[in-house]
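[1] coords please:
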Amino acid sequence: METTFIDTGLFTFVILPLLIFTARIMDVTIGTLRIVFISKGHKVIAPLLGFFEVLIWIFAIGKIMQNLENVACYFAYAGGFAMGNYVGLRLEEKLAIGFEVVRIITKKGAYKLIDALHTEGFGTTTVEAKGKSGIVHLVFMIIKRSNIKNIVSIINQHNPNAFYTIEDARTVHSGIFPMQVKKTTQYRRWRRGK
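    Residues are numbered from 1 along each chain as shown. This next block holds a predicted model:
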């Protein structure tokens, strides 16, 4: 009786687990991105990604069900799931989709920091407030996620003791972002008044 390649040990214990591992990486990566797009309100991309996610998952789980006696497939399935989470998060980080809200609280005057942010083209809204240790400045910004490292670098350079938080903004309407305006007229008027 002639054996086919599918019946060999190479296919059963190496190729098949690799296929399952790869399929799981793909479907979990797509699933991670789908969740990000859902949280950002993308109503077309998220369902499309969901379709391909489930299609690939059906392939992977089907192969597991056909080879229930093959323990290597179980490890490949679990390993692919873990690696898919990692790849999905890394990919999402690289894509840097969406906007962030940045809140900066400075104990001393924030003028140099605000000047540096404006020089880089970022819009800010500033409020003077009273904190536990006295007068503070609150600086609010909406930025593109791709600008986070740049913003943190500017904060650390011009006001390293500032307290800041960064969180997701689901929807943004209007605003001042780099490459649009270098310095606004309103900001110049605000600076003259200080």
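
[2] which residue is nearest the middle of the chain?
    The chain has residue 93 as the residue nearest its centroid, 4.0 Å off, counting by CA atoms, centre = their mean.

[3] which ones are touching it?
    Residue 93 is in contact with no residue at all, counting by CB atoms under 8 Å, 6 or more residues apart in numbering. Just so you know, the C-beta spots here come from the backbone N, C-alpha and C atoms, and that holds for glycine as well.

[4] please repeat the previous calculation with a cut-off of 10 Å.
    Going by CB atoms under 10 Å, 6 or more residues apart in numbering, residue 93 touches residue 145.

[5] check residue 142 too.
    When the contact criterion is CB under 10 Å, 6+ apart, the partners of residue 142 are 99-102, 122-125, 169, 172-177.

[6] which regions of this protein lie under the pLDDT threshold?
    Under the criterion of pLDDT under 70, the regions of the chain flagged as low confidence span 1-3, 179-194.

[7] state which strand of it is the longest.
    strand 134-144 (DSSP state E).

[8] partner strands of it and their direction?
    Counting by DSSP bridges, the strands paired with strand 134-144 are strand 99-106 (antiparallel), strand 125-131 (antiparallel).

[9] CSV for the ones you listed, including mean neighbour count and distance to residue 25?
    As requested, these are arranged in CSV below (neighbours: other CB atoms under 10 Å; distance: least, CB to CB, whole Å):
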stretch, mean neighbour count, distance to residue 25
strand 99-106, 20, 28
strand 125-131, 11, 43
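
[10] redo these as CSV? Include distance to residue 149.
    Supplementary listing: those in CSV, determined by distance: least, CB to CB, whole Å:
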stretch, distance to residue 149
strand 99-106, 12
strand 125-131, 22
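
[11] what about residue 20, distance to residue 146?
    Distance of residue 20 to residue 146, computed by CB to CB, to the nearest Å: 35 Å.
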